[in-house]
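Colleague: A structural model of the following input is requested.
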Amino acid sequence: MPKKSETPLMETRDLKKSYFSTSGYETQVLFDVDLKINSGEFVSIMGPSGSGKSTLMHILGFLDVPTSGSYLFDGEDVSGFSDNELAEIRGTRVGFVFQSFNLLPRTTVLQNVILPLMYNNDHSSAERVEMAHAAIDQVGLSDRAKYLTNQLSGGQQQRVAIARALVTQPDIIFADEPTGNLDSQSGMQVMSILQDLNEEGHTIILVTHEKQTAMHSERILHILDGCIDSDKSDFKRVKAKDLSSLK
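Modeller: Below you'll find the model as predicted:
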């Protein structure tokens, strides 16, 4: 269970991000982003394509670095972290779920979910299998553990991806357009799982361009042209569990 703290779990100050072409041309993607996210929050980062929402998620998830400004994680400036410290955070404290699932083809659900544990020598082989089965059970796929991933529906494959993100028992789960390739019912099942995980104490950062999907969170950051356009929590949250059932 993630620990509670008065210090924001994630905080950015005057954060900027630019990309440079081979000829040196600068394209600025994020402008002076200031935000604070506390442990245990469920936050949606919403905006149109090209607004910078995925770039912000990649920085918060240690997949990219800002061009300037600062990013503090648990009160510490990330720029001072060594490569080993960053790798440790990525391997133990954060998990990722992507729109395209990114599962290994022609391998079983269990083999996909256990993969992140193969880089961690803290657990025996038996412990890894036990942890993987526990994560698979959390997403309602215990009866599919030995199935090949290409034998599953799109919604089931995304649930496998969530189990893989869960298996290291991370504090934070980053979900980038997790319902983008799913039908409405499968998408609702995925959102129900994310809400359950949040209620268990996990911090959830959801990136989406769909307002209805964002309404499943407790707080919506809207990004427009690389800036935070609004930060809202005064809305009626959609409870996915009332509208879905795992099948």
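
Colleague: On the C-terminal side of the helix or strand bottoming out on mean pLDDT in the chain, identify the next helix or strand.
Modeller: The weakest-scoring helix or strand in the chain, judged by mean pLDDT, DSSP states H and E, is helix 83-92 (a mean of 90). For helix 83-92, the succeeding helix or strand toward the C-terminus, using DSSP states H and E, is strand 94-98.

Colleague: picking that back up, pull the residues that contact the least confident helix or strand of the chain.
Modeller: 61-63, 73, 78, 81, 116, 119-120, 168, 170 (Cβ atoms under 8 Å, 6 or more residues apart in numbering). Glycine gets a C-beta too; all of them are placed from N, C-alpha and C.

Colleague: Just the buried subset of those, please.
Modeller: Among the contacts of helix 83-92, those classed as buried by 16 or more other Cβ atoms under 10 Å are 61-62, 73, 78, 81, 116, 168, 170.

Colleague: any idea how far residue 55 lies from residue 179?
Modeller: According to Cβ to Cβ, to the nearest Å, residue 55 and residue 179 sit 20 Å apart.

Colleague: quick one on the thing from earlier: point out the least confident member of the contacts of helix 83-92, please.
Modeller: Minimum pLDDT for these is recorded at residue 120 (71).

Colleague: Am I right that residue 53 is in contact with residue 46?
Modeller: Yes. Assessed by Cβ atoms under 8 Å, residue 53 is found in contact with residue 46 at 6.8 Å.

Colleague: what's the overlap in contacts for these two?
Modeller: Joint contacts of residue 53 and residue 46 (Cβ under 8 Å, 6+ apart) are 207, 209, 223.

Colleague: Out of those, which one has the lowest pLDDT?
Modeller: Among those, residue 209 has the weakest pLDDT, 90.

Colleague: coming back round to it: let's see which of the shared contacts of residue 53 and residue 46 end up in strands.
Modeller: If you go by DSSP state E, the shared contacts of residue 53 and residue 46 have 207, 223 in strands.

Colleague: out of the shared contacts of residue 53 and residue 46, who has the most neighbours?
Modeller: Counting neighbours by other Cβ atoms under 10 Å, residue 207 comes out on top of these with 28 neighbours.

Colleague: Could you give the bridge partners of the residue most central in space within the chain?
Modeller: When Cα atoms, centre = their mean is applied to the chain, the residue found nearest the centroid is residue 174 (0.9 Å). Beta-bridge partners recorded for residue 174 (DSSP bridges): residue 96, residue 205.

Colleague: now the longest helix along the chain, how far from the centre of its chain.
Modeller: The longest helix of the chain (DSSP state H) is helix 184-199. Distance of helix 184-199 from the chain centroid (Cα atoms, centre = their mean, to the nearest Å) equals 13 Å.

Colleague: Excluding sequence neighbours, find me the nearest residue to residue 160.
Modeller: Distances taken as Cβ to Cβ, 6 or more residues apart in numbering put residue 109 closest to residue 160, at 5.3 Å, once the chain neighbours are dropped.

Colleague: quick one, what contacts the one you found?
Modeller: Contacts of residue 109 (Cβ under 8 Å, 6+ apart): 136, 141, 144-149, 152, 160, 163.

Colleague: between residue 55 and residue 179, who's got more neighbours?
Modeller: residue 179 (25 against 21).

Colleague: Please, where are all the strands along the protein?
Modeller: With strands called from DSSP E, the chain shows them at 10-20, 26-37, 42-46, 68-73, 76-77, 94-98, 172-176, 203-208, 219-224, 227-232.

Colleague: Output the ones you listed as TSV; include the columns distance to residue 87.
Modeller: Shown next, in TSV, are the strands of the chain (distance: least, Cβ to Cβ, whole Å):
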stretch	distance to residue 87
strand 10-20	18
strand 26-37	22
strand 42-46	24
strand 68-73	14
strand 76-77	16
strand 94-98	11
strand 172-176	16
strand 203-208	20
strand 219-224	27
strand 227-232	29
